[in-house]
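The amino acid sequence is not available; the structure is as follows:
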């Protein structure tokens, strides 16, 4: 499953109240270096938990809309 579909599936489960989402960070104008390119990004980090409050995964988005740049980093936790 690709990263976009994975995140979409998480969001669907949040809407269906099968899991919880906790926003850890939502920051604007953060400098990000990727392959010797500098981007000024919005950084969003969300933690997804099951209903028993166990960590499932952490998702980090780095988004620079002016330069059409969006990365998704998934840190998956094993319960």
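Right, received. Where do you want to start? Note that the structure is a prediction, hence the values are computed from the model and not measured.

Can you tell me the centre-most residue of the protein?
residue 59 (2.8 Å; CA atoms, centre = their mean).

which secondary structure element contains the residue nearest to it when sequence neighbours are not counted?
Leaving out its chain neighbours, the residue that sits closest to residue 59 by CB to CB, 6 or more residues apart in numbering is residue 46, at 5.1 Å. To be clear about C-beta, it is placed using only N, CA and C from the backbone, and glycine gets the same treatment. Secondary structure assignment for residue 46, by DSSP states H and E: strand 37-50.

Show me which positions of that strand end up buried.
Of the residues in strand 37-50, 39, 41, 42, 43, 44, 45, 46, 47, 48 count as buried by neighbour count, 16 or more other CB atoms under 10 Å.

counting contacts, what elements does the helix or strand that it is followed by pack onto?
Counting by DSSP H and E, the next helix or strand C-terminal to strand 37-50 is strand 55-64. Applying 3 or more CB pairs under 8 Å, 6 or more residues apart in numbering; DSSP states H and E, we find strand 55-64 packed against helix 3-15, strand 19-34, strand 37-50, strand 69-76.

If you count contacts, what does the last one end up packed against?
Using 3+ CB pairs under 8 Å, 6+ apart as the contact criterion, the secondary-structure elements in contact with strand 69-76 are helix 3-15, strand 55-64.

Each with direction, which strands does it pair with?
Strands that pair with strand 69-76, judged by DSSP bridges, come out as strand 55-64 (antiparallel).

List of residues touching the partner strand?
Residues from elsewhere that reach strand 55-64, judged by CB atoms under 8 Å, 6 or more residues apart in numbering: 7, 10, 19, 24, 30, 32, 34, 39-50, 69-77, 79.

Strand 37-50 and that one, what's the angle between them?
Angle of strand 55-64 versus strand 37-50, following axes from the mean of the first three to the mean of the last three CA atoms, to 10 degrees, is 150 degrees.

Which of the residues in strand 55-64 are classified as buried?
56, 57, 58, 59, 61, 62, 63, 64.
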